[in-house]
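[1] got a predicted model here, sequence first, then my questions.
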Amino acid sequence: MPVYSLNTSISYLKGVGPNRADLLKSELGIFTFGDLLNFFPNRYIDRTQFFKISQLQQNSAEIQIVGKITNIKTVKQKRGSRLVATFRDETGAMELVWFRGAKWIKDTLKINEPYVIFGKTNHFNGLFSMPHPEMELVVDYKKNLRSAMQPVYPSTEKLVNKGISNRVVSKMIQSLFEELGAKFLETLSTPMVEELKLISKTEALFNIHFPKNQELLTKAQRRLKFEELYFIQLQLIRKKLVRKAKIKGFNFTEVGEKFNGFYTNNLPFSLTNAQKRVLKEIRKDLGSNAQMNRLLQGDVGSGKTIVALLTMLIALDNGFQAALMAPTEILAAQHFNSIEELLSGLNINVKLLTGSVKTKQRRIIHSELESGELDILIGTHALIEDKVKFKNLGIAIIDEQHRFGVAQRSKMWQKNTLPPHILVMTATPIPRTLAMSVYGDLDISVIDELPPGRKEIKTAHRYDSNRLSVFKFLREEITKGRQVYIVYPLINESEAMDYKDLMDGYESVVREFPSPNYQVSIVHGKMKPADKEYEMQRFIKGETQIMVATTVIEVGVNIPNASVMVIESAERFGLSQLHQLRGRVGRGAEQSYCILMTSFKLSSDGKTRLNTMVDTSDGFKIAEVDLKLRGPGNLMGTQQSGVLNLKIADIIKDSGILKTARRIAIETLTIDPALNSSENLPIRRAYQKISKNSTIWSNIS
Ligand code: ADP
Ligand code: MG
C-alpha cells in the first residue's frame, strides 16, 4: 500500500489516471493531492431546501423537488429520440427529459415511487421541464449521509465535455480525503486560533468540501480566507523587516542650509498639515540607518512635488545627490522647470536628462554627475541607463511609479554601492485594502488634504448632440481669458482610427475657433519630442487658447490658467484616467470645469464611471469604485504582483479579514521575527512551504 502525501502526483488518486491527470493539470493547474485539496468550490447549493412544482419560476437556479413519475414516453426527433417522463407532486406536473442514454435510463426509472430530483429547470409553452436531472429514490436519499450544502467546483467546458463533471470532481475529493486520512497539519498557532475563534485546519478543509451546514461552511470559509491573507501579509511584512535589518541606508542626520534656506526663503506657500506630516515620516526614515522604501500616495493636485523637492534637499544637505524620474518627457520637463524656478537663487545645480537631450549636454551631465557637481538630476528613464553614473546618489524619487516596470525601478537600486533611499509617488490613490496587499512591503504615506482655496471642479456629462452648446460655453470661457484642453482617447488596439478621430476633431475645433481670434495647439504621441515641447510651451505661455491632445497630457502637467477640460469619447476612458485628466484643471484661482462628452450608447459600467465622475472628486472614493468595477487584477501595477492570485479570499469583500490578517501578522513578527518559538512552529512550517513557491519575493519595488 503506497503512502500518499500532499505532494503525491494527482495521477495516483483513485479514479484519476493519466488522461484525467493531464486534464486536471492543463485545465485547473492541479498537479498534486495538495493542489486538489486546496481546490475550493466557488459556490454551494443548499440541498436542505425543497421546492414544489407550483413554486417554480423561470430562470431558477438548481433546485430539488420530491415527486413521482407517472408516465414515461419516448419521443422521436430528427436524430435519435428523447425520453420524456411526467413528474408530479401534489401541486402540479412537469417533465423530466433525457436527450442521451434514453434507452438505458428508461429501464432504471420506477413509476409511482417517490424520487428526489435535482437540477435546473426550463420553461416552455407553460410547462416546466428538467433536462438530465440528478435523481434518487427517497428511501435511498434518506439512507445516505450527505452534506446539506452541495459544493460546486470551478470548471471549464473542456472538462465537462471530457466527462469530468462536478460530481466526478466531488468523488475525487472524497477519495482524496479517504487516502489522506482526512487529517491535516495545523498552520496557525494555538493562541491565534483561540483568539480569533477559528476552526482547525482539518475541520476547515473538511467543511469547505463537505459542509455539514451553513454555519460550519461560513466558519470554514472564514478560517481559510484568514489563513490565505495572513500568509501573504506575513511574507510582505517579513520582506520589509528583513530589508530594514539587512540593507543599511545612508543616514541623513542633517537638516541643513539648503533645506532650511529653501523653507524660509523660497517656499511659495505654507505646507498643508498633510504635507508636513508626510515630510516628518520621510525625515524619520532618512535618519533611521535603514534604507527608505516609501510609497507616497496623494490625490491629483495634493502637492506631491514640493514634498519630493524638500526630500531631495535633505539628501543634498547631507552631501548626497538626488534624482527624480518621471514617465514622460513632458512631465520630466515640467518638473525640471518648476523645480528650477523654486530653487532660484539657491546655488543648487539641477539638470534635465531625457531621450532628446543632445550629446554635448549629455556629456556635461555625465561628467558633472560623476564629479559630484550636479546636485539634482531630473529626467525620464534615460536616467537609469547604465552610462548614467552618480558620484553618490542618496535618494531616488519615482513619480507616477505605476508607469515603470519592476525591472526599471530596481535599476535605481544599483546606482550606488548602498542602495539609495527610494520614494515612489502614485498619481492615483489606491484603495487601502489594495495598497495593503500590493504594496504591503512598503511604508505608506498619504497626503489626504488638498491645498487651501481650491474650488471644486464642476463636472458635467454631455452627449455629442450637445456639442454646439459646449462650444458656445468654451468661447465664453476663452473670452474671459481662460484656456481649454480637449482630450481624445488613444488606445493602442485601434491606433489608426483613434489618430483619425483626433485629427478630425482638431480640424473641427480649428473650424469652430478660427484664427486670428483663436489659436489652437495640438500634442500627440506621434510628434517629435521637440515639436511637442514647442506646442506645450505655446500653450503654457498663453499664445494658444485651446490644447487638443491625446492622453500624453494625462500625467502631471500643471498650467493654472487652463480651467476647462473637455474629454471626448469619455466612455472609453477608465475612471482613474478620467480623474487624472480632470486633475489638469482646477489648479488656478478660477472656477474650473470638466465636460465629459459621450455618444448615447453607453454600457452600464460606462454609466457608472461617468456618474461617479460627476458625483465626486475624491480620488480615494473614485479608486474604490474603480476597484469594484474592474477587480483588483486590472488596477495599475497589480498585474506583476503575485499577491492577487487569491484562492478563496476577495480583497474587496473580505477587507475586514484582510485588516485583521495584517494586524495579526505584524503582531506575530514583532514578537517572534524569525518564527522560532515552539508556539509558532506550525506557522513557520507553513511559511517555509509557501514562500518557496511565492512570487512575492521577486516583486521588489
Ligand atoms: P501633484 O500631487 O498632483 O503632483 P503638484 O505637486 O503638481 O500636485 O501640486 C499641484 C499644485 O498645487 C502646484 O501648483 C503646487 O504649486 C500647488 N501647491 C502644492 N502645495 C501647496 C500648498 N501647500 N499650498 C498651496 N499650493 C500648493
Ligand atoms: Mg505630480
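    Yep, it's here. Ligands and ions are numbered 1, 2, ... in the order given.
[2] and this protein, which of its residues are near ligand 1?
    Within the chain, the positions adjacent to ligand 1 are 269, 271-272, 275, 298, 300-306, 451, 558, 587 by Cβ under 6 Å from any ligand atom. All C-beta spots, glycine's among them, are computed from the backbone N, C-alpha and C.
[3] kindly recompute the last result at 8 Å.
    Residues of the chain lying close to ligand 1 by Cβ under 8 Å from any ligand atom are 268-272, 275, 298-308, 338, 399, 425, 427, 447, 451-453, 556, 558, 560, 583, 587.
[4] who does the lengthiest helix in the chain touch, helix- and strand-wise?
    Secondary structure assigned by DSSP state H gives helix 214-246 as the longest helix of the chain. In terms of contacts (3 or more Cβ pairs under 8 Å, 6 or more residues apart in numbering; DSSP states H and E), helix 214-246 is packed against helix 201-209, helix 432-438, helix 655-671, helix 681-692.
[5] between the ones you listed, which gets the lowest average pLDDT?
    Looking at the helices and strands packed on helix 214-246, the lowest mean pLDDT belongs to helix 432-438 (a mean of 79).
[6] packing partners of that one?
    Contact analysis of helix 432-438 by 3+ Cβ pairs under 8 Å, 6+ apart lists helix 214-246, helix 655-671 as its packing neighbours.
[7] got the angle between the last one and helix 214-246?
    Here helix 655-671 runs at 40 degrees with respect to helix 214-246, directions being taken by axes from the mean of the first three to the mean of the last three Cα atoms, to 10 degrees.
[8] can I see the domain layout of the protein?
    The record's domain parsing of the chain by automatic domain parsing lists 1-47+149-183, 55-145, 190-246+647-693, 257-286+303-426, 458-616.
[9] measure Val224 to Ile10 for me?
    You called it Val, but residue 224 is Leu. Look at Leu224 and Ile10: by Cβ to Cβ, to the nearest Å, they are 20 Å apart.
[10] re earlier: most tightly packed of the helices and strands packed on helix 432-438?
    Among those, ranked by average contacts under mean count of other Cβ atoms under 10 Å, first place goes to helix 214-246 (a mean of 20).
[11] and that helix, how far out from the chain middle?
    Distance of helix 214-246 from the chain centroid (Cα atoms, centre = their mean, to the nearest Å) equals 18 Å.
[12] likewise for stretch 606-621?
    The answer for stretch 606-621 is 18 Å, by Cα atoms, centre = their mean.
[13] kindly format the C-alpha coordinates of that stretch as CSV.
    Written as CSV, here are the backbone C-alpha positions of stretch 606-621 (Å, rounded to 0.1, in the frame of the first residue of the first chain):
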residue,chain,number,x,y,z
GLY,A,606,-19.6,53.3,-18.6
LYS,A,607,-22.6,55.0,-17.0
THR,A,608,-21.3,54.2,-13.5
ARG,A,609,-18.0,55.7,-14.4
LEU,A,610,-19.5,58.9,-15.7
ASN,A,611,-21.9,59.2,-12.8
THR,A,612,-19.0,58.7,-10.4
MET,A,613,-17.0,61.4,-12.0
VAL,A,614,-20.0,63.8,-11.9
ASP,A,615,-20.7,63.0,-8.3
THR,A,616,-17.3,63.1,-6.6
SER,A,617,-13.8,64.4,-7.0
ASP,A,618,-12.4,62.4,-4.1
GLY,A,619,-9.7,60.3,-5.6
PHE,A,620,-9.9,57.7,-2.9
LYS,A,621,-13.7,57.2,-3.5
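[14] what comes up buried for that stretch?
    Buried residues in stretch 606-621, counted by 16 or more other Cβ atoms under 10 Å: 606, 608-610, 612-613, 617, 619-620.
[15] for stretch 266-280, same thing?
    Neighbour-count burial for stretch 266-280 flags 271-272, 274-275, 277-279 (criterion: 16+ other Cβ under 10 Å).
[16] tally of neighbours for whatever residue of the stretch 351-500 of the chain ends up closest to ligand 1?
    Residue nearest to ligand 1 within the stretch 351-500 of the chain: Pro451 (3.4 Å; Cβ to the nearest ligand atom). When neighbours are counted by other Cβ atoms under 10 Å, Pro451 registers 17.
[17] do I have it right that it meets Gly303?
    Yes: the criterion here is Cβ atoms under 8 Å, and Pro451 meets it with Gly303 at 5.6 Å.
[18] overlap in contacts, those two.
    Common contacts of Pro451 and Gly303 (Cβ atoms under 8 Å, 6 or more residues apart in numbering): Thr272.
[19] phi and psi next, for His335.
    phi -60, psi -40 (degrees, to the nearest 10).
[20] strands of the stretch 501-650 of the chain, start to end?
    520-523, 546-549, 562-567, 593-598 (DSSP state E, counting those that start in this stretch).
[21] just name the shakiest helix or strand of this structure by mean pLDDT.
    helix 406-413 (a mean of 61; mean pLDDT, DSSP states H and E).
[22] the next helix-or-strand element following that one pairs with which strands?
    Note on helix 406-413: by DSSP states H and E, the next helix or strand toward the C-terminus is strand 421-426. According to DSSP bridges, strand 421-426 forms sheet pairs with strand 293-298 (parallel), strand 393-398 (parallel).
[23] so which of those strands is the most surrounded?
    Of the strands paired with strand 421-426, strand 393-398 is the most buried (mean count of other Cβ under 10 Å), at a mean of 27.
[24] surely Lys183 and Glu203 touch.
    No: counting by Cβ under 8 Å, Lys183 stays clear of Glu203, with 10.5 Å between them.
[25] neighbour count for the two, which is higher?
    The neighbour comparison of Lys183 against Glu203 (other Cβ under 10 Å) goes to Glu203, with 16 against 11.
[26] show me the contacts for the more buried one.
    Listed by Cβ under 8 Å, 6+ apart, the contact set of Glu203 reads 216, 219-220, 223.
[27] what does Leu217 give?
    44, 149, 207-208, 211.
[28] format the residues you listed as CSV; extra columns: neighbour count.
    Output for the contacts of Leu217, formatted as CSV (neighbours: other Cβ atoms under 10 Å):
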residue, neighbour count
Tyr44, 17
Met149, 21
Asn207, 23
Ile208, 24
Pro211, 23
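[29] ok, these vs ligand 1, which is closest?
    Distance to ligand 1 across the contacts of Leu217 (Cβ to the nearest ligand atom) is lowest for Ile208, with 44.8 Å.
[30] and for that closest one, nearest residue in space, chain neighbours not counted?
    When the adjacent residues along the chain are set aside, Ile208 lies closest to Ala220, with 4.4 Å between them (Cβ to Cβ, 6 or more residues apart in numbering).
[31] low-confidence bits of the stretch 501-650 of the chain, can you list those?
    The model of the stretch 501-650 of the chain has pLDDT under 70 over residues 552-557, 632-644.
[32] same thing but at 80, please
    525, 551-558, 631-645 (pLDDT under 80).
[33] now do the same contact list for the residue in it that ligand 1 sits nearest to.
    For the stretch 501-650 of the chain and ligand 1, the shortest gap (Cβ to the nearest ligand atom) falls at Asn558, measuring 5.0 Å. Listed by Cβ under 8 Å, 6+ apart, the contact partners of Asn558 are 334, 338, 584, 587.
[34] change it to 6 Å
    With contact set as Cβ atoms under 6 Å, 6 or more residues apart in numbering, Asn558 has these partners: Arg587.
[35] mean confidence score for whichever strand or helix holds Asn71?
    Asn71 is part of strand 63-76 when elements are defined by DSSP H and E. The average pLDDT within strand 63-76 is 92.
[36] ok, stretch 369-387 next?
    For stretch 369-387, mean pLDDT rounds to 92.
[37] residues in contact with it?
    312, 316, 322-325, 329, 332, 335-336, 348-355, 368, 389-391, 408, 411.
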